[in-house]
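*Asks:* coords please:
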Amino acid sequence: MMAFIGTVFVGLIVGLIARAVKPGDDKMGWIMTIVLGVLGSLAAGYVGRAMGWYLPGQPAGWIASVIGAIVLLVIYGMVRRKG
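*Replies:* This is a model prediction of the structure:
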């Protein structure tokens, strides 16, 4: 249970930082910000392990997580504009 709460908290912080750093108006609520942060961290960990930067089971760092979330925000913005 504590791991889940920690994941949600880290996701919120990473999502908020990513939304603050990326220019533009990203209209999303608290839940989507948390999901953005968690998915950004997971994506950064996956890419980091594929590139050999992280060992299996090692989580991504804060900076990589924020970069992953920003990349997801850019992709989300591109998909939203087309639809």
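*Asks:* Where do the strands of the protein begin and end?
*Replies:* Per DSSP state E, the chain carries no strands over any range.
*Asks:* quick one, helices of it?
*Replies:* Ranges of helices within the chain are 2-21, 30-51, 62-82, based on DSSP state H.
*Asks:* Please identify the most buried of these.
*Replies:* helix 30-51 (a mean of 18; mean count of other Cβ atoms under 10 Å). Where you see a C-beta, it was placed from the backbone N, CA and C, and this is true even at glycine.
*Asks:* TSV please, covering the helices of the chain and showing mean pLDDT.
*Replies:* Converted to TSV, the helices of the chain look like this (pLDDT from 0 to 100):
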stretch	mean pLDDT
helix 2-21	89
helix 30-51	91
helix 62-82	89
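*Asks:* any idea how far M78 is from the nearest residue to W30 once chain neighbours are set aside?
*Replies:* Nearest residue to W30, sequence neighbours excluded (Cβ to Cβ, 6 or more residues apart in numbering): L12, at 7.4 Å. Distance of L12 to M78, given as Cβ to Cβ, to the nearest Å: 24 Å.
*Asks:* picking up where we left off before, residues contacting the residue nearest to W30?
*Replies:* W30, T33, I34, G37 (Cβ atoms under 8 Å, 6 or more residues apart in numbering).
*Asks:* Could you do R19 as well?
*Replies:* D26, M28, T33, L36, L73.
*Asks:* cool, and L72?
*Replies:* A18, L36, L39, G40, A43.
*Asks:* repeat for V38
*Replies:* Taking Cβ under 8 Å, 6+ apart, one finds T7, V8, V10, G11, V14, G15 in contact with V38.
*Asks:* Brilliant, that's me finished.
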